[in-house]
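Enquirer: give me the fold of what follows.
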Amino acid sequence: MPEAFQSGQLIYLGGVSPTVRGDVTAQTRNILEQVQSSLRAAGSSLDHVVSVLVFLRAASDFGAMNDAYRTFWSRDFPTRTTVVVDLPSPDTRVEMSIVAAGAGAERTVVHPADWVQSPSPYSYALRTGDTVFLSGLVSRKGRDNSVVGGDVGQQTRVILDNAGELLHAAGLSHAHIVSSRIYLPDVASFAGMNEAYRTYFPSAPPARATIRTALAGPQYSVEITFIAASSSRRPITAG
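Expert: Numbering: from 1, shown residues only. This next block holds a predicted model:
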């Protein structure tokens, strides 16, 4: 059973690897069964999961992973980000990192009234306590799920505009974002992403990490995940 750590109302599971060989369907089910057992031991459940980070060995496994994944929730899917990476074991097709709310904690879907549901099994945003988790956002219109093309700067602006709409639905704004994770397939696009990104944070930008990784959808040049908080927010500087 994977290790789980609880801090306040949140439970954290590090990278959960499959304990079985086989295709991505079998490994996805195995991972989520492990997560289910760990959360049950912590007094929680899969229905309390707020954030999932999925690491896939191959983008071609996305559909099969999705089909197996969706069977573990009947409604109110967690937020989710999926990226394509080299996993340490050659037999591993998928790995997941999980954050869940503890028993009795609030878990509320945040969804703009004029947005359609995600075509994949995830919620765009979830609130628990004073924290709002957003799924990995790509350049797509929330109102009809249509892809918005353009260079990395244009796609970054679409993502941040979408994040703004999700945060507004939660009563928040870009100024409440405390953490962002940026996934770029091409490091050469870093400067273009950065130029567009900085205009949304004129002061005290959130903590951020940027990595090069393949994305599940080859039509996208950037994906970004955000965490925001309604509690007081202040930057901490060394020295």
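Enquirer: give me phi/psi at R127?
Expert: phi -110, psi 140 (degrees, to the nearest 10).
Enquirer: wait, doesn't R107 sit right on L46?
Expert: No: in this structure R107 lies outside contact range of L46 using C-beta atoms under 8 Å: 11.3 Å. The C-beta positions use only the backbone N, C-alpha and C, and glycine is treated the same way.
Enquirer: and those two? which has more neighbours close in?
Expert: R107 (20 against 16; other C-beta atoms under 10 Å).
Enquirer: these two touch, right, Q219 and V147?
Expert: Yes: with contact defined as C-beta under 8 Å, Q219 reaches V147; the gap is 5.7 Å.
Enquirer: for the chain, just list every one of the helices.
Expert: 24-41, 62-70, 152-169, 190-198 (DSSP state H).
Enquirer: indicate which one of those helices is closest to F226.
Expert: helix 152-169 (5.5 Å; C-beta to C-beta).
Enquirer: what mean pLDDT does that closest one get?
Expert: Taken as a whole, helix 152-169 has an average pLDDT of 98.
Enquirer: ok, residues contacting it?
Expert: 110-113, 115, 124-125, 132, 134, 137-142, 148-150, 173-174, 176-177, 184, 189, 192-193, 195-197, 200, 220-224, 226, 228 (C-beta atoms under 8 Å, 6 or more residues apart in numbering).
Enquirer: how does it look with 7 Å?
Expert: 110-112, 124-125, 132, 134, 137-139, 142, 148, 173-174, 176, 189, 192-193, 195-197, 200, 220-222, 224, 226, 228 (C-beta atoms under 7 Å, 6 or more residues apart in numbering).
Enquirer: for stretch 193-212, same thing?
Expert: Outside stretch 193-212, the residues touching it (C-beta under 7 Å, 6+ apart) are 152-153, 156-157, 160, 174, 177-185, 187, 190, 222, 235.
Enquirer: what's the answer for stretch 133-143, then?
Expert: In contact with stretch 133-143 (C-beta under 7 Å, 6+ apart) are residues 50-51, 79-82, 112, 114-116, 122-126, 146-148, 155, 158-159, 162-163, 165-166, 217, 220, 223-227.
Enquirer: among those residues, name the buried ones.
Expert: Buried members of the contacts of stretch 133-143, scored by 16 or more other C-beta atoms under 10 Å, are 50-51, 79-82, 112, 115, 122-126, 148, 155, 158-159, 162-163, 166, 220, 223-227.
Enquirer: mind checking which of those are in strands?
Expert: 50-51, 79-82, 125-126, 223-227 (DSSP state E).
Enquirer: adding distance to A4 and pLDDT, write those out as a markdown table.
Expert: Converted to a markdown table, those look like this (distance: C-beta to C-beta, whole Å; pLDDT from 0 to 100):
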| residue | distance to A4 | pLDDT |
| --- | --- | --- |
| V50 | 14 | 98 |
| S51 | 14 | 98 |
| T79 | 19 | 98 |
| R80 | 19 | 98 |
| T81 | 20 | 98 |
| T82 | 22 | 97 |
| A125 | 23 | 98 |
| L126 | 19 | 98 |
| E223 | 27 | 98 |
| I224 | 27 | 98 |
| T225 | 21 | 98 |
| F226 | 24 | 98 |
| I227 | 19 | 98 |
